[in-house]
Each structure stands twice: as structure tokens, then as C-alpha cells.
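Engineer: I would like the atomic coordinates for the input below:
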Amino acid sequence: MEILHSDKLTKKTATSPTQKYLDVAEVKEDIVVLKNGSLRAVLAVSAINFDLKSTEEQEAIINQYQNFLNSIDFPVQIIISSRKLNMQSYLDFLSTKERRQDNELLRLQITEYKSFIDQLVKDSNIMEKNFYIVIPFSPMENKEKGFISNLFNTFNSRKNILEKRENFETYKSQLYQRVDHIISALAGIGLRIIPLKTEELIELLFNSYNPELYRATTLKDVSKLELMK
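Structural biologist: You can find the predicted model right below:
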């Protein structure tokens with residue numbers, strides 16, 4: 001996704017909506033649409049423990065990754081999102097189990113375990129990492145339209161809307177051809193990959209642009225996605 005430049009901000013426009021300074025126009029049909037008309041698909045990718053692999057397996061992974069890089073003729077963006085581990089939902093789950101436990105000994109053990117987890121998270125800087133691949137598609141813009149053409153489109157708004165919808169479907173299809181290629185190219189490495197849906201894309205953008213609110217966010221947890229093989 002596009003880089004945001006701080007020089008866009010001025011004292012005069014400091015009170016303007018944040019969305020004005022984002023390159024994202026909208027998120028629809030599992031695709032991020034930028035203001036320049038280009039599209040982005042985002043894939044959630046699982047991790048593998050490279051160090052635990054044998055020498056032969058490591059070499060095979062490196063070769064497969066090299067083949068993947070050589071097979072793509074379009075740019076991709078690899079994102080590693082590092083966040084402090086948020087265990088609040090798990091602690092809430094333990095609290096519920098604690099209240100519903102009839103056995104006094106088991107309830108005491110749950111209480112001690114919950115206290116241990118809570119203290120461990122507070123004292124240790126435990127991070128969770130999520131991995132994403134951003135796949136772009138930029139349609140060719142028709143810059144040859146003149147005044148008459150633009151005026152004609154103004155008086156045929158319904159036709160213009162239908163054309164835009166048809167173009168979006170065409171661009172979306174071409175974008176997902178790239179998505180399918182990335183998924184198949186990385187399948188040999190043993191990675192599990194799934195395209196993010198609209199809800200997960202909104203969550204990813206929200207957490208990216210609001211890092212201070214990450215721990216208080218109640219949106220769907222992307223880490224719970226069932227990654228496909």
C-alpha cells in the first residue's frame with residue numbers, strides 16, 4: 001500500500017478528517033481500492049520454523065522461494081506486523097472457566113494459572129508476528145478523453161456507473177489471477193495462505209493506522225483465520 005507522507009499535513013488542515021490523508025479510497029469485495037484507482041489484495045501467510053528444518057529441507061525451501069521470485073513479473077509487498085501479545089481474550093476465557101468451576105481445587109488452579117499468565121505478559125515483552133503479502137494491480141488509465149467525452153459521460157451517469165462496475169470486475173479478475181499465482185507458487189514451501197476478506201482488511205488497516213488503540217480493539221482477530229493449505 002502507498003506510503004503516506006507527513007508533508008501533506010499543515011496547520012491549516014490539521015483538523016481535517018484523517019481519511020483525507022490516506023491513500024485508501026474504500027474496501028469492498030475483499031479488495032482495497034486506492035484513490036488513484038489501483039487495487040490491492042492482501043494475503044495472510046503462515047510461518048515456518050526454518051531453523052528446525054534439516055539441511056536438505058532448508059535448501060529445498062530456498063530453491064522454491066527463488067523459483068517463486070523468478071516467476072513473478074509484478075511487484076509484491078511483504079509485510080511483517082509485530083505487536084505486543086494481547087492475552088486479554090484468553091484471560092477473560094479463564095475467568096469464565098473459573099466462575100463456572102464447581103471443584104474448589106480446580107478453581108484454585110485456574111486462578112493461579114491465570115495470575116501466572118497475567119504476570120508473565122506484564123513482565124515480558126512478548127510479541128506476536130503476522131505475515132502478509134500485498135498484491136497490486138494498476139489499471140491503465142485512459143488519458144485521451146476530451147471535453148466532449150467527459151461532458152457526454154456526465155449526462156449518462158447510469159451508463160458511466162455500469163461501465164465502472166464492469167471495469168472493476170475486469171480488474172478484480174486480473175488481480176485474482178495474480179493472487180492464484182502467488183498461492184500456487186508458495187504452496188511448495190509449505191506455507192498456508194488465505195486472501196483476507198473485507199472484514200479482515202478493515203481490521204488490518206485500522207490497527208495499522210491506530211497502533212495506540214490496538215489493545216483496546218474488539219474487531220475480529222486475524223490470527224484466528226483458518227489458513228488454507
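Engineer: restrict the host helix or strand of residue 62 to CA atoms and write it as CSV.
Structural biologist: Counting by DSSP states H and E, the element that carries residue 62 is helix 55-71. The C-alpha coordinates for helix 55-71 follow below in CSV (Å, rounded to 0.1, in the frame of the first residue of the first chain):
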residue,chain,number,x,y,z
THR,A,55,19.8,-29.1,5.7
GLU,A,56,18.0,-30.7,2.8
GLU,A,57,14.7,-29.1,3.7
GLN,A,58,16.3,-25.7,4.1
GLU,A,59,17.9,-25.9,0.7
ALA,A,60,14.6,-27.0,-0.9
ILE,A,61,12.8,-24.1,0.7
ILE,A,62,15.4,-21.6,-0.5
ASN,A,63,15.3,-23.0,-4.0
GLN,A,64,11.5,-23.0,-4.1
TYR,A,65,11.5,-19.4,-2.8
GLN,A,66,14.0,-18.4,-5.5
ASN,A,67,11.7,-20.0,-8.1
PHE,A,68,8.8,-18.0,-6.7
LEU,A,69,10.7,-14.7,-7.0
ASN,A,70,11.7,-15.6,-10.6
SER,A,71,8.2,-16.5,-11.6
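Engineer: residues of that helix that come out buried?
Structural biologist: Under the neighbour-count criterion of 16 or more other C-beta atoms under 10 Å, helix 55-71 has 61, 64, 68 buried. Glycine gets a C-beta too; all of them are placed from N, C-alpha and C.
Engineer: again with stretch 81-91
Structural biologist: 85-87.
Engineer: just the residues you listed now: which is nearest residue 21?
Structural biologist: If you rank the buried residues of stretch 81-91 by distance to residue 21 using C-beta to C-beta, residue 86 comes first, at 27.2 Å.
Engineer: contacts for the helix holding residue 62 next, please.
Structural biologist: Identification of contacts with helix 55-71 by C-beta atoms under 8 Å, 6 or more residues apart in numbering yields 48, 50, 53, 181, 185-186, 188-190.
Engineer: just checking, what packs against the next helix or strand after that helix?
Structural biologist: Going down the chain from helix 55-71, the next helix or strand is strand 77-84, by DSSP H and E. Judged by 3 or more C-beta pairs under 8 Å, 6 or more residues apart in numbering; DSSP states H and E, the packing partners of strand 77-84 are strand 127-137, helix 198-209.
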